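Trainee: The sequence isn't on hand, but the structure is:
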């Protein structure tokens, strides 16, 4: 036994380690991508069908084998068509790199001022129960989304954000897209999430926030017009009714690279403390 193990390890070279690492990376990140998507159930079905093939051969179920073989031949094309959004998201995910440079160099003092302006606008909108949806663009561009709205390319200010979302104004019905220190566009239309497991009390604004974060690495900030609660969405997940300190932490993670913290873990810890 020891001799066999020694022989196996003696044949392991750098190319073998790289090979295993690539397979692990693809499988792990593939699982991360599909675990919260509608493709999760589909993957289970595919695994079941794959398992049926050897079983059918052992039991000599010729008709079943014929159907399964032809199903897989046509099924690959059907999967590409039906799950085009998921495939696109997966490719965008793999295309992100840690060495991507920001659009502009971020200045700490300017960043802190921007954070104050956004917090001021958000808290004011929350207090007045005025609905708002603000999207922070990150590495994946949102040019296709900004084209659905009105281009502004304006400096970020509390007064401008508040005025955009005032009811019955031309741009209030839609999302604001922010890139770095600039309000790129307002009145933008976002894709709605197709997640059927969401609670029925989640409205269109929140579903749009989840939808855009499912398709990109952006972060969505939402103010509910029914309750005034401040929420945010990231990676297709919605975190509701956050407090001002959590909002500041979230914005610091966006604008102050050296002060990044895991806002999701902090949000979960707060809820666990409440349960105790």
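Mentor: Great, that's in hand. Keep in mind that what you see is a predicted model, and the values were worked out from it rather than measured.
Trainee: What are the buried residues along the helix or strand hosting residue 151?
Mentor: Counting by DSSP states H and E, the element that carries residue 151 is strand 150-155. Neighbour-count burial for strand 150-155 flags residue 152 (criterion: 16 or more other Cβ atoms under 10 Å). Using the backbone N, CA and C atoms, a C-beta is placed for each residue, glycine as well.
Trainee: For that strand, which strands pair with it and how are they oriented?
Mentor: Note on strand 150-155: by DSSP bridges, its sheet partners are strand 182-188 (antiparallel).
Trainee: Following element in sequence after the strand it pairs with, please.
Mentor: helix 204-215.
Trainee: Just the residues contacting that following helix, thanks.
Mentor: Outside of helix 204-215, the residues within contact range by Cβ atoms under 8 Å, 6 or more residues apart in numbering are 37, 85, 88-89, 131, 133, 135, 142, 145, 175, 190-195, 198, 218-222, 224-225, 231-238.
Trainee: residues of it that come out buried?
Mentor: Result for helix 204-215 [16+ other Cβ under 10 Å]: buried residues 205, 206, 207, 208, 209, 210, 211, 212, 213, 214, 215.
Trainee: With respect to residue 48, which of those residues is nearest?
Mentor: residue 214 (25.7 Å; Cβ to Cβ).
Trainee: ok now do residue 193, which residues does it touch?
Mentor: 207, 208, 210, 211, 214, 236.
Trainee: Go again with 6 Å.
Mentor: Taking Cβ atoms under 6 Å, 6 or more residues apart in numbering, we find residue 193 in contact with 207, 210, 211, 214.
Trainee: Averaged pLDDT, the host helix or strand of residue 21. What do you get?
Mentor: For residue 21, the enclosing helix or strand under DSSP H and E is helix 14-34. Helix 14-34 shows a mean pLDDT of 68.
Trainee: A strand includes residue 178, no?
Mentor: Yes: remark: residue 178 belongs to a strand, assigned using DSSP: H, G, I helix; E, B strand; the rest coil.
Trainee: Nearest spatial neighbour of it, chain-adjacent residues omitted?
Mentor: Distances taken as Cβ to Cβ, 6 or more residues apart in numbering put residue 136 closest to residue 178, at 5.3 Å, once the chain neighbours are dropped.
Trainee: For residue 52, see how far away the one you found is.
Mentor: Distance, residue 136 to residue 52, using Cβ to Cβ, to the nearest Å: 46 Å.
Trainee: between these two, who's got more neighbours?
Mentor: More crowded of residue 136 and residue 52, by other Cβ atoms under 10 Å: residue 136, with 23 against 15.
Trainee: Show me what the more buried one is bridged to.
Mentor: Applying DSSP bridges, one finds that residue 136 bridges with residue 178, residue 219.
Trainee: Contacts only, for it.
Mentor: 178, 218, 219, 254.
Trainee: As JSON lines, those with distance to residue 110, pLDDT and neighbour count would be great.
Mentor: As requested, the contacts of residue 136 are exported to JSON lines (distance: Cβ to Cβ, whole Å; pLDDT from 0 to 100; neighbours: other Cβ atoms under 10 Å):
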{"residue": "178", "distance to residue 110": "14", "pLDDT": "96", "neighbour count": "24"}
{"residue": "218", "distance to residue 110": "21", "pLDDT": "93", "neighbour count": "24"}
{"residue": "219", "distance to residue 110": "19", "pLDDT": "95", "neighbour count": "23"}
{"residue": "254", "distance to residue 110": "13", "pLDDT": "90", "neighbour count": "21"}
